[in-house]
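Just need the structure, nothing else, for what follows:
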Amino acid sequence: MDFKLSARKAVPLAGLAGLVLIGGFVYAPSAAPAPPARLASHPSSNWSQSWGAAMQRPLAGDPDSGPNWSTEGFGNHSLRQVIRVSTGGTRVRIRLSNLYGSRPLKVAGATIGRSAGGAKMWPGTMVPLTFGGGRSTVVRPGGELVSDPKPLSTSPLEKLVVTLRFTGATGPATFHRFSPQSAYRASGDHLSDAGSDAYRESTGALYYLTGVDVTGGGAGRGTVVAFGDSLVDGVGSTPGADGRLPDALAERLAASRGALGVVNAGIGGNRLRHDSCGDDRATARFGRDVLGRPGVRTVLVHLGANDIRDTPGDPCLRPGGPATARQVIDAQRRLIRAARARGVKVVGATIPPMKGALFPVWTPQVEKVRDAVNHWIRSGGEYDAVVDVDRIMADPADPDRPRLAYVYEDGLHPNDAGYQAIARSIDLGAL
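Okay, here's the model as predicted:
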């Protein structure tokens, strides 16, 4: 089965976006390398992941929006985070990650409820979460923990608030740097507050929360994971508007009554073969961020743009200078083999036009490599289906450049209209 496409090249949106988000930042030296994560067990029952994020190392530097709490961590704080589920259910559970923590993460309490906007929660909707029957828990360094299932009826595209309570210093925090919704922090115990008065600090990042699972009420048909770089992560979309590619895909599935969860496992700047600014390379995190999700049945892969770029002054692209087309193709084949071994369908996305970006990523040699990789994605027959981002994003007058109506102000990443156009090209039946 193929995705419905327009005509011409494929576009790597995610890979390039990472430069904007991550370039110039260095992960915190205090965050010592963690031992391999112990993936939380999740039987293939009827659970789907309705929301998810890929975890990153703490960064020494400010995120684009607000303060950076990743390097300082948390102390006597309540942390409230807003997420939008992609599919609904009657029971819910959350996943907490201490993947890059240097010490055990002590969580004194956690709740979930319906969002009333900002840091507010609708009164009467709060559900206390437990872990092995207890209100408090400890997540070991490098580990992930799943809460006990709790009854909470949710609807597709509904926003929920997850609140975590800490009473002691956490150390540098495992987090995800780019989020469409703000996270809020309050001093002291405000775990159960419906109002937002105490939550006076906010930032555009996520901390510790790596997944929200649902079951019941028609949920449980499976999970689609979007895996890649900044194009998947959503660079160029409007903050707070849920305008990223996985968001647009979730909206299409919800409108078609398709009970598939959609997870955004994108990391800006991610590369296939080498780590980038401390973030694990795609071939190393695929098992954790894709195959480790409950109910995964399909993965959409968009990678390669950051591998082929020629930007020698960017510290995030060292080591491993510009990759050849063969190196990118071989790395993508590793992902395809790993997915097929688990019975997961694999959809490939082409690399978008790069010429004309307002920061140096394009050369004639980079264009040759991009064309070769895109030709293989389209015609190699190794992916189960293809999303031709390149053809969708290309300017008809100069296909090596993106069309202005679909591109963000950096001249490279899609804007909201671009992400919507890519999502509209997907044949939902192929998922």
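
Is the spatially closest residue to residue 126 that is not a sequence neighbour in a helix, a strand, or coil?
The shortest distance from residue 126 to any non-neighbouring residue, by C-beta to C-beta, 6 or more residues apart in numbering, is to residue 113 (4.1 Å). (Glycine included, C-beta is placed from N, CA and C.) Counting by DSSP: H, G, I helix; E, B strand; the rest coil, the backbone at residue 113 sits in strand.

mind checking the backbone torsions on residue 131?
phi -130, psi 110 (degrees, to the nearest 10).

On the strand side of things, show who it bridges to.
residue 134 (DSSP bridges).

just checking, it touches residue 147?
Yes. At 5.5 Å, residue 131 counts as touching residue 147 under the criterion of C-beta atoms under 8 Å.

what do these two both touch?
Counting by C-beta atoms under 8 Å, 6 or more residues apart in numbering, the contacts common to residue 131 and residue 147 are residue 110.

Please, where are all the strands along the stretch 51-200 of the chain?
59-60, 77-84, 89-97, 105-107, 109-114, 127-128, 137-139, 144-146, 150-154, 159-166, 175-176, 183-187 (DSSP state E, counting those that start in this stretch).

out of those, deepest packed?
The highest mean neighbour count among the strands of the stretch 51-200 of the chain, using mean count of other C-beta atoms under 10 Å, belongs to strand 175-176: a mean of 28.

from the chain's centre, how far out does that one sit?
9 Å (C-alpha atoms, centre = their mean, to the nearest Å).

elements contacting that strand?
Packing contacts for strand 175-176, counted by 3 or more C-beta pairs under 8 Å, 6 or more residues apart in numbering; DSSP states H and E, involve strand 206-207.

Please pull up the helix or strand immediately following the strand it packs on.
Using DSSP states H and E, the helix or strand that follows strand 206-207 in sequence is strand 209-215.

partners of that following strand in the sheet?
As assigned by DSSP bridges, strand 209-215 forms pairs with strand 48-52 (antiparallel), strand 89-97 (antiparallel).

what's the angle between it and strand 183-187?
Note on geometry: by axes from the mean of the first three to the mean of the last three C-alpha atoms, to 10 degrees, strand 209-215 and strand 183-187 are set 110 degrees apart in direction.

Please list the residues outside strand 209-215 that contact it.
Contacts for strand 209-215 (C-beta under 8 Å, 6+ apart): 42, 45-55, 81, 83, 85, 87-97, 144, 146, 149, 154, 160, 162, 164, 220, 261, 263, 293-294.

Run through the strands of the stretch 201-350 of the chain in chain order.
Here the stretch 201-350 of the chain has its strands, by DSSP E, counting those that start in this stretch, at 201-203, 206-207, 209-215, 223-228, 261-266, 296-302, 345-349.

which of these sits most buried?
Burial of the strands of the stretch 201-350 of the chain is given as mean neighbour count (mean count of other C-beta under 10 Å); strand 261-266 ranks first at a mean of 31.

Now do that one, average pLDDT.
Across strand 261-266, pLDDT averages out at 97.

who touches it?
By C-beta under 8 Å, 6+ apart, strand 261-266 touches 14, 48-54, 85-87, 211, 214, 219, 222-234, 244, 246-247, 249-250, 253, 289-290, 293, 295, 302.

Can you dump the C-alpha atoms of that strand in PDB for me?
Provided in PDB are the C-alpha atoms of strand 261-266 (Å, rounded to 0.1, in the frame of the first residue of the first chain):
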ATOM      1  CA  GLY A 261      -3.100   6.600  19.000                       C
ATOM      2  CA  VAL A 262      -0.500   9.000  17.600                       C
ATOM      3  CA  VAL A 263       2.800   9.500  19.300                       C
ATOM      4  CA  ASN A 264       5.400  12.200  18.500                       C
ATOM      5  CA  ALA A 265       8.900  10.700  18.900                       C
ATOM      6  CA  GLY A 266      10.700  13.500  17.100                       C
END
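
quick one on the thing from earlier: just put the strands of the stretch 51-200 of the chain in TSV and tack on mean pLDDT.
Below are these laid out as TSV (pLDDT from 0 to 100):
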stretch	mean pLDDT
strand 59-60	77
strand 77-84	98
strand 89-97	97
strand 105-107	98
strand 109-114	98
strand 127-128	98
strand 137-139	98
strand 144-146	97
strand 150-154	97
strand 159-166	98
strand 175-176	96
strand 183-187	98
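
What segments of the protein are helices?
Applying DSSP state H to the chain gives helices spanning 13-22, 230-233, 245-255, 282-286, 305-308, 325-341, 364-379, 389-393, 416-424.

Compare those helices and give me the one nearest residue 198.
Closest of the helices of the chain to residue 198 is helix 245-255, at 29.0 Å (criterion: C-beta to C-beta).

mind listing what's buried in the closest one?
The neighbour-count check on helix 245-255 (16 or more other C-beta atoms under 10 Å) flags 245-254 as buried.

which phi and psi does the closest residue to residue 110 other than its chain neighbours have?
Using C-beta to C-beta, 6+ apart and skipping the chain neighbours, the partner closest in space to residue 110 is residue 129 (4.2 Å). Here is the backbone geometry of residue 129 (degrees, to the nearest 10): phi -100, psi 150.

Residue 129 contacts residue 111, correct?
Yes. The pair residue 129 / residue 111 is scored as a contact, 6.1 Å apart, by C-beta under 8 Å.

Check the contact lists of the two and give me the overlap.
Contact criterion C-beta under 8 Å, 6+ apart; residues shared by residue 129 and residue 111: none found.

Where does pLDDT dip in this structure?
1-45, 61-66, 219-220, 312-313, 315, 317-318 (pLDDT under 70).

how about a cut-off of 80?
Applying pLDDT under 80 to the chain flags the ranges 1-45, 60-67, 218-220, 257-259, 310-321.

re the thing from before, the residue nearest to residue 126: what's it in contact with?
121-122, 125-127, 160-161, 163, 194.

do the same with residue 218
By C-beta under 8 Å, 6+ apart, the contact set of residue 218 is 88-89, 259.

Same list, these, but as TSV with distance to residue 430 please.
Converted to TSV, the contacts of residue 218 look like this (distance: C-beta to C-beta, whole Å):
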residue	distance to residue 430
88	23
89	24
259	16
